[in-house]
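Fold the following.
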Amino acid sequence: MRYAVFIASHINYDGQLDYLMNAIKSVKNQDYKNGNIDIWLSISFKNSDFKDEFDALMIADDCFKCFIQDKQMYQMEHFKVLNDNSYLDYLYELIFFLDDDDTYYVNRISKFDELYKNTYKFNKDVFNQTLVFWEDAKAISNNNKPISCYIYWTFAVKQDAFNAFFSIFKERNLQHIKADMLLKMYFERLLAFNDEAVADNGLYNYNTENDNSVTASKSNKNDNIYLRTCMNDKKFLEKHFGRNYKSKIDKSLWRTCYEAFHRYKTIEEFYDSIAIIINKNLSGKKIRSLKLF
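This is a model prediction of the structure:
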């Protein structure tokens, strides 16, 4: 099996490159030996000093592919770069994700590999091309209680399904600090068709000690409002915004999420739309070679 780990990183504080090195090392040290694990990194820098430090540390040498960006890019923009470059030349069994300040436990890929082999039927139908797997990841909060970290990086996904994401959300929708929530909600909807594909928890080491982490604010009340918007929780939204809640949804991202997901009346209708995109890609010239195994 051939798996890919996508890492998106914008270096803007001291010590962040050390985190990144540890993240990459945790992938390189996986106990999975039955195939390849390719690390794809897209990275940008706040200033030239960070870029020089990155070059001196030779971090790119530990990656299968490294794409250095000339300007700051949001996380989903980085992922689009990685997907666009990997999708034509390589077709991976699953795509994994890793925040640049987190790490994998040594057996994470092996556990997902076992789950994948037990689920996948070794054919090319659309259902199998949209398979999504996830881990009920846990992190330790400040009061030493375990909390669920149900974010995009807890998922592993077929690359065709990940590619379809960028057909739904255009580039301007990805230029937002919270656009990772769009990816999470997208995976959730696909997971509805593969709801038993859950790996063991505790395979992902979420860094709760990094005060510079953007995702550390996931408990913010605005995130809760955004999640309720994504889920189309009308009762909550009416209580918070009033009966005209649709007109008060933040246009920069919440509106995007609402319009993208809730134009489908049912989850089946959403799935059918993804299947159309994938079928088109599989039968068209977009893929130069279809190599499943």
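
And D136, how close does it get to A179?
D136 is 24 Å from A179, where distance means Cβ to Cβ, to the nearest Å. To be clear about C-beta, it is placed using only N, CA and C from the backbone, and glycine gets the same treatment.

Settle it for me: which of the two has more neighbours?
Between D136 and A179, counting by other Cβ atoms under 10 Å, A179 is the more crowded of the two (20 against 14).

where does that one land on pLDDT?
As predicted, A179 sits at a pLDDT of 82.

Report the contact partners of it.
By Cβ atoms under 8 Å, 6 or more residues apart in numbering, A179 lies in contact with 74-76, 169, 173, 253.

what's the spacing between it and N201?
Using Cβ to Cβ, one gets 26 Å for the distance from A179 to N201.

related to what we said a few turns ago, out of the contacts of A179, which is most surrounded?
Most neighbours among the contacts of A179, by other Cβ under 10 Å: M76, with 26 neighbours.

For that one, what are phi and psi?
With angles defined as degrees, to the nearest 10, M76 sits at phi -70, psi -30.

May I ask you to confirm that T130 is in contact with I276?
No: the pair T130 / I276 is not scored as a contact, 11.4 Å apart, by Cβ atoms under 8 Å.

For those two, indicate the residue with more neighbours.
Just comparing T130 and I276: by other Cβ under 10 Å the higher neighbour count belongs to T130, 23 against 13.

List the residues that contact the residue lying closest to that one once chain neighbours are set aside.
Spatial nearest neighbour of T130, excluding adjacent residues (Cβ to Cβ, 6 or more residues apart in numbering): A161 at 4.4 Å. Each residue near A161 by Cβ under 8 Å, 6+ apart is listed here: 129-132, 190, 274, 278.

Please spell out which residues along the host helix or strand of A161 are buried.
Element membership for A161, per DSSP states H and E: helix 159-168. Within helix 159-168, the residues scored as buried using 16 or more other Cβ atoms under 10 Å are 159-166.

Which helix or strand lies directly C-terminal to it?
helix 180-191.

sorry, back to before: include secondary structure, distance to T266 and pLDDT when you put the contacts of A161 into TSV, please.
Shown next, in TSV, are the contacts of A161 (DSSP: H, G, I helix; E, B strand; the rest coil; distance: Cβ to Cβ, whole Å; pLDDT from 0 to 100):
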residue	secondary structure	distance to T266	pLDDT
Q129	helix	20	84
T130	coil	16	85
L131	coil	20	85
V132	strand	18	86
L190	helix	14	87
I274	helix	13	89
I278	helix	19	86
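
show me where the chain has helices.
Here the chain has its helices, by DSSP state H, at 16-28, 48-57, 75-89, 108-119, 126-129, 159-168, 180-191, 221-230, 234-241, 254-261, 267-283.

right, and those helices - which one's nearest I151?
Comparing the helices of the chain against I151 with Cβ to Cβ, the closest turns out to be helix 180-191 (5.8 Å).

Which elements pack onto the closest one?
Using 3 or more Cβ pairs under 8 Å, 6 or more residues apart in numbering; DSSP states H and E, the elements in contact with helix 180-191 are helix 75-89, strand 132-135, strand 155-157, helix 159-168, helix 221-230, helix 254-261, helix 267-283.

run the last query once more with 7 Å
helix 75-89, strand 132-135, helix 159-168, helix 221-230, helix 254-261, helix 267-283 (3 or more Cβ pairs under 7 Å, 6 or more residues apart in numbering; DSSP states H and E).
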